[in-house]
Structure formats: C-alpha cells, structure tokens
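Peer 1: Based on what follows, work out the 3D shape:
(one chain, ligands or ions: 1)
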Amino acid sequence: MPKRSWVRVAGALALLAAVAACGGPPHGPAAPPAPTGPSGSPAGTTAAAAPPADPAAVWAKWGLQPLPAAPAAPADKPVKLSADGEVPVFSEVPTHDRVVFITVDDGAEKDPRFVEMMTDLRVPFSMFLTRDIVRGDYGYFKPLQALGNHIHNHSTDHPAMSTVSPERQHAEVCDAQAALTEQYGTAPLLFRPPYGDGAHSDGLRTAVRACGPRAVVLWRESMQIHNMQYQAADKKLRPGDIILAHFRGPKDLKGESMTKMFGELLSRIREQGFAVARLEDYIDAG
Ligand SMILES: [Zn+2]
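Peer 2: From the prediction side, this is the model:
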C-alpha cells in the first residue's frame, strides 16, 4: 500500500483516538493546583535540579528499566528548514542512529506525577499544544519545557483543518503561534495539524509559512494505552521514527494514568533496542 494511504489510515485512527481526548469543551476548567509530590517538593519546582545520581534507581522507582543512551546529536542535522523555503511535511527523520522521537499532543491531562516522572527520567520529548486545551493552565507545561523539551503548535482549538476555510486555517495557526510564543518565550518551530488532517494541502502549508512554523510534522506510530499502532506492516520501529502520544489520563486510558501509559511506551521502545533522542537535535532550523 502506498505510504500516503497508510498516513490516511493512521490519520483516521488518530482521529478516533483524538476525539476521545479532545471531545470535551475546549474551554474547560483549569486543572487544580499541582499537589505536592511524594518527595516532599512541590511538583514543577524540581525542573532545575541536577539529574539524579543513580539513573537505574530512578527508573526502578517507576517500575522501568533504563533505555539505551542516545548517541550525541548529529553535527550535520538531517532535517534542514528555512524561514522562506517550502514547508516540508515529515513523519520520520532520515538517520541511521538507532533512535526514535516522542511527541506528546494536545495538553488535556495535566498530571503532576508526569512532571515528576520526566524530572526523574529525563527522556526527551516534544510537545504539540493546542491553545484552548492548555490555556487554563499554561504553567503546567513550563517545568516540562525547563527540562529542555520544546513546545510546538497544534492549533487554537483542534479542528480538522481541511474542513475549515483558509481564513480560519490561518487564524488557527497564527493565533496559537502568538499565544504559545507569549507564554513560553520562544516561537514554535513546528506545526502539527489535528488528526494529521490536511497536512499536504497548499492551504495549510501557506498558513503555516505565514505564521512562523517551518515544517509540518506527522508520525509513524501512535501510542495507545499499552502498545503502539504502527503504520509499518511488520509493526516494528525504524530508526528516526516519530511517535505520537497524548497528554491523556484515566478518563481516556480505561483507568490507566498518564505515567502508566508513558512507562508502557518507554518499555515498548526499549524492547526493540531503541534510544529516545531529542527531535530538535536532528533539525537545522535555518
Ligand atoms: Zn491533537
């Protein structure tokens, strides 16, 4: 089957999955204040702390085994972007490094235990945030950003972009870009259309170019609760694959927590012998 068809199938599956995560009102109530973590320090205030001295112990704390160490970031970045060139669409990074990249979307679940987990494990990931899903609590994502994780643009209120006018598409990208830039102090480099819909359309790429992001990023695998959906028929990760996950909690994970889901994701990656690298380390922003 041609790759585009796989992308379409995956997009449809992602749509089904994402509806569950994003089906609520976009202007829902803000998450409650982050409770104090078991270590006694308020969640979100430990981001600047030094990495843990005993990595194996912190992985064991979460019931996990350490991932292989990622290789050094490549000096010659395989993805090259520019402000005035074409807006590429990509689902994987061309590399022979045995690494994959994790992306986490939307921002609905704001579990303080996930901040604690990432502060412990220091696994790199990229966030694609939807303005109206996160604006009740922009602050939740700041300690995750402070760990070195980048924030990217995932629209203002999560429409299927091909179903809305060019003017609305422009506003979806530009308004989210402005809000995320103001909140997080840096302009998102990448855009991901909700459900992957309309990614290859001229209208969307025109809007993306006008609003600031320099590429449209899709995915090869989509994390569910215990395993991934693969676009590849052999259901195996390949070097450079981009994995989609979501900020989701028990309501959307059949009772499982965000940290349980994320631990399962890391286990599936480790079982296949991959490290997790930072996506932005493989991109020359131009
Ligand atoms: Zn989404």
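Peer 1: Low-confidence stretches in the stretch 151-286 of the chain?
Peer 2: The model of the stretch 151-286 of the chain has no residue with pLDDT under 70.
Peer 1: Just give the nearest non-adjacent residue to whichever residue of the stretch 151-286 of the chain sits closest to the ion, would you?
Peer 2: Across the stretch 151-286 of the chain, the shortest distance to the ion (C-beta to the ion) belongs to Pro194, at 4.7 Å. Bear in mind the C-beta positions are built from the backbone N, C-alpha and C, glycine included. Leaving out its chain neighbours, the residue that sits closest to Pro194 by C-beta to C-beta, 6 or more residues apart in numbering is His158, at 4.5 Å.
Peer 1: and what of Tyr184?
Peer 2: Closest to Tyr184 by C-beta to C-beta, 6+ apart is Ile151, at 4.9 Å.
Peer 1: tell me, how many neighbours does the one you found end up with?
Peer 2: The local packing of Ile151 (other C-beta atoms under 10 Å) involves 26 other residues.
Peer 1: show me what contacts it?
Peer 2: Ile151 makes contacts with Ser126, Met127, Leu129, Phe141, Gln145, Leu180, Tyr184, Thr186, Pro188, as judged by C-beta atoms under 8 Å, 6 or more residues apart in numbering.
Peer 1: Same check on Thr163?
Peer 2: Neighbours of Thr163 in contact, by C-beta under 8 Å, 6+ apart: Asp197.
Peer 1: Partner strands of the strand ranked longest in the chain and their direction?
Peer 2: Counting residues, the longest strand found in the chain (DSSP state E) is strand 99-106. Strand 99-106 has the following strand partners under DSSP bridges: strand 126-129 (parallel), strand 242-246 (parallel), strand 275-276 (parallel).
Peer 1: okay, those strands in TSV with mean neighbour count and distance to Ala232 next?
Peer 2: Below are the strands paired with strand 99-106 laid out as TSV (neighbours: other C-beta atoms under 10 Å; distance: least, C-beta to C-beta, whole Å):
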stretch	mean neighbour count	distance to Ala232
strand 126-129	24	21
strand 242-246	23	12
strand 275-276	20	18
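Peer 1: Tell me, how many residues neighbour the residue nearest to Phe274 when sequence neighbours are not counted?
Peer 2: In this structure, Phe274 finds its nearest non-sequential neighbour in Val100, 5.0 Å apart by C-beta to C-beta, 6+ apart. Val100: 25 surrounding residues under other C-beta under 10 Å.
Peer 1: can you pull up the bridge partners for Val100?
Peer 2: On the basis of DSSP bridges, Val100 is bridged to Val276.
Peer 1: That one against Lys236, yeah?
Peer 2: No - applying C-beta atoms under 8 Å, one finds Val100 not in contact with Lys236, separated by 11.0 Å.
Peer 1: Tell me where the chain has strands.
Peer 2: For the chain, the strands defined by DSSP E cover 79-80, 89-90, 99-106, 126-129, 151-153, 190-191, 215-217, 221-223, 228-230, 242-246, 275-276, 283-284.
Peer 1: how far away is the residue nearest to Pro194 from Arg192?
Peer 2: 11 Å (C-beta to C-beta, to the nearest Å).
Peer 1: Tell me the pLDDT of the nearest residue to Asp120 once chain neighbours are set aside.
Peer 2: Of all residues not flanking Asp120 in the chain, Val58 sits nearest, at 4.2 Å (C-beta to C-beta, 6+ apart). On pLDDT, Val58 comes in at 94.
Peer 1: Burial check on Val58, number of neighbours?
Peer 2: When neighbours are counted by other C-beta under 10 Å, Val58 registers 18.
Peer 1: so how far is Ala285 from it?
Peer 2: Taking C-beta to C-beta, one finds Val58 at 32 Å from Ala285.
Peer 1: same question, Trp62
Peer 2: 33 Å.
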